[in-house]
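*Asks:* kindly generate the corresponding structure for this input.
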Amino acid sequence: MASKDSYGIVEWYGNGNGHRCGYCKSPNGNISDGMWAHALTVQNYQDLIDRGWRRSGKYCYKPLMNKTCCPHYTIKMEALNFRMNKSHKKIIKQVNKYLIHGIKPGEVKGQDQDGARDAPHLEAGNVPEGETPTVEGETTPGVENTETLSPPKPETMKDCSMDISKSEEASKSKKEIRKGQGADPNKPPCRKAKDIRMELKKKKLLAAGKDPQEVEEMFQKKNNSTDGVKTLEDYLNEPSNTEKCAHKLEIKLIRSNPRQHPEFVNSFKESHLVFKKYQMSIHHEDESDCDLSQFENFLVDSPLKETKGEDKTHGRVSMGYGSFHQHYILDGKIIAVGVVDILPHCISSVYLYYHPDYSFLALGTYTALHSRNLYSLTEIAFTRSLNKMDQELKYYYMGYYIHSCPKMVYKGQYYPSLLLCPETYTWQPIEKCRPKLDQNRYSRLAPEGVEDENLNVPDDQITILFMRQLMNYTIYTQLNPKAKDAKAVKKILISQAAVYFKSEEGGERILCVTFGFFFLVLAMGILVIDEKILEFGLEPGYQNFSEGAESFLKQQGIDSQGPITLMTFKIILAIICSITGALLTFPGLRYAKVHLDTLNYKTLGNYSWSDLAGENAHNYFEGKSMSAQAMFTERGKSTGDAVSDTTAQFTWAVSNLRQVFSPTWYRGLFGFLTWWMTTAWFTSTTFGLYYYSRVATQ
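*Replies:* Sure, this is the predicted structure:
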């Protein structure tokens, strides 16, 4: 039998009506499928994101690409082949200048402030060598739509060329070029600034007491490894290679699920405070919309099961696989947090929030559209470092790319980036996808002839959990109200309790048993109360039952004062109430969980949770009625004298028992049981709200 950690459990919510889109502001254009992930292995989630899914907390969603207003294309980047552009280098240099010298962007004397603030999204220097740039419109924060730059008209080009030629002639007439005498052969040749800096650095290391041979080997190794070209790691590690820095930036990776990690517990409140300031300042949310519960539901809760680093199934990543928070700590203070998932083949970026007072570290003198650049670069470098431990881990997933959204432009600037085709689920270079997306928001990205290799999965290879029973999908499809044979349904209903009470995770199981004893004591206490106070009609019903039973027994020639005493009747009734209360505890807890999720998740992934709760309740009770119909399907009538005799005997018995089980008896008994079941359901549901919001989250 497979281990409990080898499979995931999800609850399908399906797709509903359209919802408001946060990108184009369409009131009902956002359409997606959704499901609640109770538990997922890292391989489960890797497979999901490779099919266009994303998670938000434990809620997983996938936009219906051919129906939604703004198609979301999954985007990833080949971290090992990443090539920096000028904007990336400038951002890191500005941050390094602040860390090493304490100089913020714009504080250097003589710097052209206005020129430094010009930040085109795509310029000639930003494109890696050998690539053809795609010119896109300049965007600014808050602008929803932009237009691509149209090529200049021929007459405009003619005027420009005439102006240029005139200006060149004017400059030639004003300036006369002098012939130089050349370099002085008696003086040493000019040295490059790079060589001078390297020599000064060597002198500092030698003055600090470093071994001369060790210093030479260090510089020689650096020159050989980079071949004269600085890598991403070289830029990011520059402050750590400097002896004295004005500020210290430290990056810590802390496991967030499960939450028992000491560093995560100790930094939890500080991290949430940064999140609250970010949401209120950047996204203009109310304080109630970014409280502690929202923070936990959105960025702390995760369905991913922890996979230890020594597990060789996915390589040997020392910190293991799962969900993590990456803390950016400046001089001992958390200034930013990156929420990431470490998966078998990639690092998936979930969310990034930072302290607004330190936004200049991410923004520099650029616009808000570049706010993730620095942190994305560090996550790319982190992906490259993990690849040294696990060669299968080599991609950096940036979530969704929406071609019509200007705020998504920066994602396409990380080269080489790939987009997921929504029809074949194959990866295509973004350079080849842009022309198609310029014409249509939704488009097949893969070339003709490419097919989805994982499209057809046999039903017998799909395993589902139905009513807490693990079964094959083929068997599940046979469980319907029209089925003639209801044995499978009966078996599931009977084994449901057995499977539940045999499960290893017994937190709720213990609650059910405890509530059974609680309801026993409660029922005995209620039955002791005088009938005149509660007025259930239970004692008059019992009196009527006792007199009718005594009369019936005398007709049979049996001398008896009644089959049961009042005390025995109340004890049996209390035991029945205890068992009923225990059985109602589990569905009561489940019902409380649904309502608690509805309260916590007002809108998540642009999905209406109020509609979701209604759909779940409808499906739940519909499923129950279907099961009941299947259980009580009429069986074929037998024929013969035996059936006739049995029918006659049953008719005689019922006619005589009418005086025993009178309407007064039924009214009293069912009146009490109805009240009792309502009380038990309300009690278990109310306790469930407290249990899941306080106890189960500890």
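*Asks:* make it CA atoms for all contacts and neighbour counts henceforth
*Replies:* Will do.
*Asks:* which strand residues bridge residue 324?
*Replies:* As for beta bridges, residue 324 partners with residue 255, residue 340 under DSSP bridges.
*Asks:* would you map the strands across the stretch 201-350 of the chain?
*Replies:* 249-255, 322-330, 333-342, 346-354 (DSSP state E, counting those that start in this stretch).
*Asks:* domain-wise, how is the protein divided?
*Replies:* 9-112+245-306+316-439, 473-695 (automatic domain parsing).
*Asks:* pick out the shakiest of those domains, pLDDT-wise.
*Replies:* The minimum mean pLDDT among the domains of the chain belongs to domain 473-695 (a mean of 60).
*Asks:* would you say residue 44 is within a helix?
*Replies:* Yes: under DSSP: H, G, I helix; E, B strand; the rest coil, residue 44 falls within a helix.
*Asks:* count the residues that sit near the nearest residue to it once chain neighbours are set aside.
*Replies:* Spatially, and ignoring its direct neighbours in sequence, residue 44 is nearest to residue 8 (6.8 Å; CA to CA, 6 or more residues apart in numbering). Around residue 8 there are 19 other residues, counting by other CA atoms under 10 Å.
*Asks:* wait, isn't residue 8 in contact with residue 42?
*Replies:* No: counting by CA atoms under 8 Å, residue 8 stays clear of residue 42, with 9.3 Å between them.
*Asks:* now do the helices in the stretch 151-300 of the chain.
*Replies:* Along the stretch 151-300 of the chain, the stretches classed as helices by DSSP state H, counting those that start in this stretch are 154-174, 193-207, 212-226, 232-236, 262-266, 268-282, 292-295.
*Asks:* how many residues are close by the nearest residue to residue 282 once chain neighbours are set aside?
*Replies:* Leaving out its chain neighbours, the residue that sits closest to residue 282 by CA to CA, 6+ apart is residue 356, at 7.6 Å. Number of residues near residue 356 (other CA under 10 Å) recorded here: 17.
*Asks:* over to residue 9?
*Replies:* 16.
*Asks:* now it, what are its backbone angles?
*Replies:* In terms of degrees, to the nearest 10, the main-chain angles of residue 9 are phi -130, psi 120.
*Asks:* now do it against residue 76, distance only.
*Replies:* 26 Å (CA to CA, to the nearest Å).
*Asks:* residue 276 touches residue 294, doesn't it?
*Replies:* No: applying CA under 8 Å, one finds residue 276 not in contact with residue 294, separated by 10.0 Å.
*Asks:* looking at those two, which is more packed in?
*Replies:* Neighbour totals were compared for residue 276 and residue 294, and residue 276 leads with 25 against 18 (other CA under 10 Å).
*Asks:* nearest spatial neighbour of the more buried one, chain-adjacent residues omitted?
*Replies:* Closest to residue 276 by CA to CA, 6+ apart is residue 290, at 5.5 Å.
*Asks:* mind checking how far residue 349 is from residue 414?
*Replies:* Taking CA to CA, one finds residue 349 at 14 Å from residue 414.
*Asks:* who's more crowded, those two?
*Replies:* residue 414 (24 against 18).
*Asks:* need the contact list for that one.
*Replies:* 77, 82, 83, 84 (CA atoms under 8 Å, 6 or more residues apart in numbering).
*Asks:* select only the buried ones of the residues you listed in ChimeraX?
*Replies:* Those of these that count as buried under 16 or more other CA atoms under 10 Å are selected in ChimeraX with:
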select :77,82,83,84
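*Asks:* just the ones of the contacts of residue 414 in strands?
*Replies:* Using DSSP state E, residue 77 are the members of the contacts of residue 414 that sit in strands.
*Asks:* related to what we said a few turns ago, any idea which of the helices of the stretch 151-300 of the chain scores lowest on pLDDT?
*Replies:* For these, where the average pLDDT is lowest is helix 154-174, sitting at a mean of 42.
*Asks:* re the thing from before, ok, which pair from the contacts of residue 414 is furthest apart?
*Replies:* Using CA to CA, these span at most 12.5 Å, a distance reached by 77 and 84.
*Asks:* excluding residues flanking it in the chain, which one is nearest residue 585?
*Replies:* residue 684 (5.2 Å).
*Asks:* now swap in residue 465 and tell me
*Replies:* Per CA to CA, 6+ apart, closest to residue 465 is residue 471, 6.3 Å.
*Asks:* quick one: the helices in the stretch 351-500 of the chain, in order.
*Replies:* Using DSSP H, counting those that start in this stretch, helices in the stretch 351-500 of the chain cover 360-363, 373-387, 430-439, 473-477, 487-502.
*Asks:* any idea how far residue 93 is from residue 240?
*Replies:* 14 Å.
*Asks:* right, I mislabeled it, should have said residue 344
*Replies:* Distance from residue 344 to residue 240, by CA to CA: 30 Å.
*Asks:* neighbour count: the two, which is higher?
*Replies:* Shown here are residue 344 and residue 240; by other CA under 10 Å, residue 344 has more neighbours (24 against 15).
*Asks:* who's in contact with that one?
*Replies:* 42, 43, 46, 314, 321, 392, 393.
*Asks:* now which of the residues you listed would you call buried?
*Replies:* Buried, going by 16+ other CA under 10 Å: 42, 43, 46, 314, 321, 393, out of the contacts of residue 344.
*Asks:* closest one to residue 580 out of the residues you listed, please.
*Replies:* residue 42 (40.0 Å).
*Asks:* could you tell me how many residues sit around the residue nearest to the closest one when sequence neighbours are not counted?
*Replies:* Once flanking residues are discounted, residue 42 sits nearest to residue 343: 5.5 Å by CA to CA, 6+ apart. Using other CA under 10 Å, residue 343 has 25 neighbouring residues.
*Asks:* how about residue 37?
*Replies:* When neighbours are counted by other CA under 10 Å, residue 37 comes out with 20.
*Asks:* does it belong to a helix, a strand or coil?
*Replies:* Quick answer, by three-state DSSP: residue 37 is strand.
*Asks:* give me the element the spatially closest residue to it that is not a sequence neighbour is part of.
*Replies:* With sequence-adjacent residues excluded and distances taken as CA to CA, 6+ apart, residue 37 is closest to residue 10, at 4.3 Å. Under the criterion of DSSP states H and E, residue 10 resides in strand 9-15.
*Asks:* strand partners (parallel or antiparallel) of that strand?
*Replies:* Strand pairing (DSSP bridges) places strand 9-15 next to strand 32-39 (antiparallel).
*Asks:* check which residues of the strand it pairs with are buried.
*Replies:* Quick answer for strand 32-39 (16+ other CA under 10 Å): 32, 33, 34, 35, 36, 37, 39.
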